[in-house]
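Engineer: sequence and predicted structure, then a few things I'm wondering about:
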Amino acid sequence: MEPIDLLIGRPSPRLQAAEKLAAASQIILSQPEKSDCALTYGPDHGEDEIREHVATWLSQKYRPSSGPVTRERTIITNGASGGLAAILQKFTDPLYTRRIFLVDPTYFLAAPSFFDAGFGQKMQGIPEDNEGISIEFLQLRLDEEESKHASTEIGVKLPDHEYKKLYKYVLYMVPTLSNPSGKVMSLHHRKVLVELARKFDILLIADDVYDFLAWPTDNNLSHKGLDLPPRLIDLDRQMPGTSEWGNAVSNGSFSKLVAPGLRVGWCEAMPRFIYAISSYGPTSSGGCQSQYTSFLIDHMLVSGILEQHVNDVLIPIYRKRYNALVKAIKTYLYPLGIKISTGVPYEIAVKDEEGNYTQTMLAGGFFLYIEYPTDDTFPEVMDIVRLGKNEYALDIAPGVIFAVQGDPESLKRAEMTYKRGTRLCWAWNEEEVLVDAVQRFAKIIHQAKESIR
């Protein structure tokens, strides 16, 4: 029995654009005017021309109502993880920043970055609701923090240098096609978050890494030309009252679109915010941390190869895998009481074959979340995990790993809710493997049920 991993969250090797990258590399290295720049230390922000191309591409994809994205709003990073580390280094301080909030269930591999930045005791989960985040819970926690600090000063002076901005709070989330839940945050909740961020001095860190891997739930409609949900930075720029620093940053990555090993990404925010990130220590030491690979991405971007790869290769394959996984779950797991956790579907506009806009729902990304029944006749989570690994060669993650580690309340919430479930990824396995995995899953449940009778 071949092992199957349903936890792994990366594209399968055949979807990594190796041949396209090889061609791009050959072109870059054969042109001295390109290779000389690509192979040396780059500007801290990344090459201006590359930033310009990324900004134009983002403008075309998001079509922000507040106006086109400009070069000054972008910086080239070494991926979303590197971007997150730089943001925390420049705009937070464990003695000044009061809380790090994370939407839970959360992307479990983001947590170490907050721990390493010194926030282990200050991390707190904010539960997800059907629209992406519980606004009421967040408001309550903010009011508690403000009350706690009302009669005392923090006592920490802001650093005396050019970049004098630290945020009192941070909220980390994946608002569109979330990891791990797959949910899309509602427009209403996005707007309220921006309002709260301005009121309480919160930095909204959005991992916008799955936005361009989206498609309509209606299989008769094309995925091209979707109206994507406005990002938090778009709303922060659009809504009256934005500040010179802003209260949101978009953290993006080409890892999901080309290949994870490239380690190329971008951040977009207010120009002053972006300029501050460029002074991040490792960048100041050696310039752009993805100098060579950013040239490869730039070639793919300008030539149209990137869009072709995403639109004609990735999305069609992911869409088929997603449909196969959903069908298998409904066929084999729904009769056992296991359901897909969806939240409120996000409505989008897309053109039909006649060129007219029609309304449908958004799907995509890498993940969906399934929930187990809560009755006593259903097997324990860890029994399912152990049986899957030991007898069916199936890797299933216990839902508790998506809790905010270090926050007892988050762990307690997990026990009552999403611990009884798991994240499933369709990006790594082929369609037939996904169906096989779900069939094994069903057998695991049947066997575990027999053992507790």
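Structural biologist: Structure's in. What do you need?
Engineer: and the top strand by length along the chain, what does it pack against?
Structural biologist: Using DSSP state E to define each element, the chain has its longest strand at strand 357-364. When contacts are defined as 3 or more C-beta pairs under 8 Å, 6 or more residues apart in numbering; DSSP states H and E, strand 357-364 sits against strand 214-216, helix 315-328, strand 347-351. Bear in mind the C-beta positions are built from the backbone N, C-alpha and C, glycine included.
Engineer: care to break this structure down by domain?
Structural biologist: Under automatic domain parsing, the residue ranges defining each domain of the chain are 4-13+309-451, 17-306.
Engineer: could you dump the ones you listed into JSON lines with mean pLDDT added?
Structural biologist: Listed next are the domains of the chain as JSON lines, based on pLDDT from 0 to 100:
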{"stretch": "domain 4-13+309-451", "mean pLDDT": "93"}
{"stretch": "domain 17-306", "mean pLDDT": "93"}
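Engineer: is it possible to get JSON lines of those that adds mean neighbour count?
Structural biologist: Output for the domains of the chain, formatted as JSON lines (neighbours: other C-beta atoms under 10 Å):
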{"stretch": "domain 4-13+309-451", "mean neighbour count": "18"}
{"stretch": "domain 17-306", "mean neighbour count": "19"}
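Engineer: residues making contact with whichever strand or helix holds Leu204?
Structural biologist: Here Leu204, judged by DSSP states H and E, is contained in strand 202-207. Outside strand 202-207, the residues within contact range by C-beta atoms under 8 Å, 6 or more residues apart in numbering are 80, 84, 87, 91-92, 101, 107, 110, 142, 167-175, 179, 193-194, 196-197, 231-233, 236, 247-251.
Engineer: sort out for me which of the residues you listed are in helices.
Structural biologist: In this view, the contacts of strand 202-207 that belong to helices under DSSP state H are Ala80, Leu84, Ile87, Phe91, Leu142, Leu193, Val194, Leu196, Ala197, Leu232, Ile233, Asp236.
Engineer: report the two of these separated the most.
Structural biologist: Greatest spatial distance among the ones in helices among the contacts of strand 202-207 (C-beta to C-beta): Ala80 and Leu142, at 25.8 Å.
Engineer: now do the longest helix along the chain: which elements does it pack against?
Structural biologist: What stands out as the longest helix in the chain, according to DSSP H, is helix 431-451. Packing contacts for helix 431-451, counted by 3+ C-beta pairs under 8 Å, 6+ apart, involve strand 4-5, helix 315-328, helix 381-392, strand 394-395.
Engineer: neighbouring contacts of the third one?
Structural biologist: If you take C-beta under 8 Å, 6+ apart as the criterion, helix 381-392 is touched by 1, 372, 394-400, 419-420, 440-441, 443-445, 447-448, 451.
Engineer: chain center to that helix: distance?
Structural biologist: Taking C-alpha atoms, centre = their mean, to the nearest Å, the mean C-alpha location of helix 381-392 is offset from the chain mean by 28 Å.
Engineer: again, but for the last one
Structural biologist: Between the centre of strand 394-395 and the centre of its host chain there is 24 Å, according to C-alpha atoms, centre = their mean.
Engineer: repeat for the longest one
Structural biologist: Offset of helix 315-328 from its chain centre (C-alpha atoms, centre = their mean): 20 Å.
Engineer: pull that helix out as CSV, backbone CA atoms only.
Structural biologist: Extracted in CSV, the C-alpha atoms of helix 315-328 (Å, rounded to 0.1, in the frame of the first residue of the first chain):
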residue,chain,number,x,y,z
ILE,A,315,-5.9,26.1,-12.0
PRO,A,316,-7.3,23.5,-14.4
ILE,A,317,-5.4,20.7,-12.6
TYR,A,318,-6.2,22.0,-9.1
ARG,A,319,-9.8,22.5,-10.1
LYS,A,320,-10.1,18.8,-11.2
ARG,A,321,-8.4,17.6,-8.1
TYR,A,322,-10.6,19.7,-5.9
ASN,A,323,-13.8,18.4,-7.6
ALA,A,324,-12.5,14.8,-7.3
LEU,A,325,-11.8,15.3,-3.6
VAL,A,326,-15.1,17.0,-2.8
LYS,A,327,-17.0,14.3,-4.7
ALA,A,328,-15.2,11.5,-2.9
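Engineer: relative to helix 431-451, how tilted is it?
Structural biologist: Helix 315-328 runs at 20 degrees relative to helix 431-451, counting by axes from the mean of the first three to the mean of the last three C-alpha atoms, to 10 degrees.
Engineer: which other helices and strands contact helix 315-328?
Structural biologist: strand 214-216, strand 357-364, strand 367-371, helix 431-451.
Engineer: what's the second one in contact with?
Structural biologist: Meaning strand 357-364. For strand 357-364, contacts defined as C-beta under 8 Å, 6+ apart pick out 177, 184, 210, 213-218, 221, 223, 226, 229, 315, 318-319, 322, 345-352.
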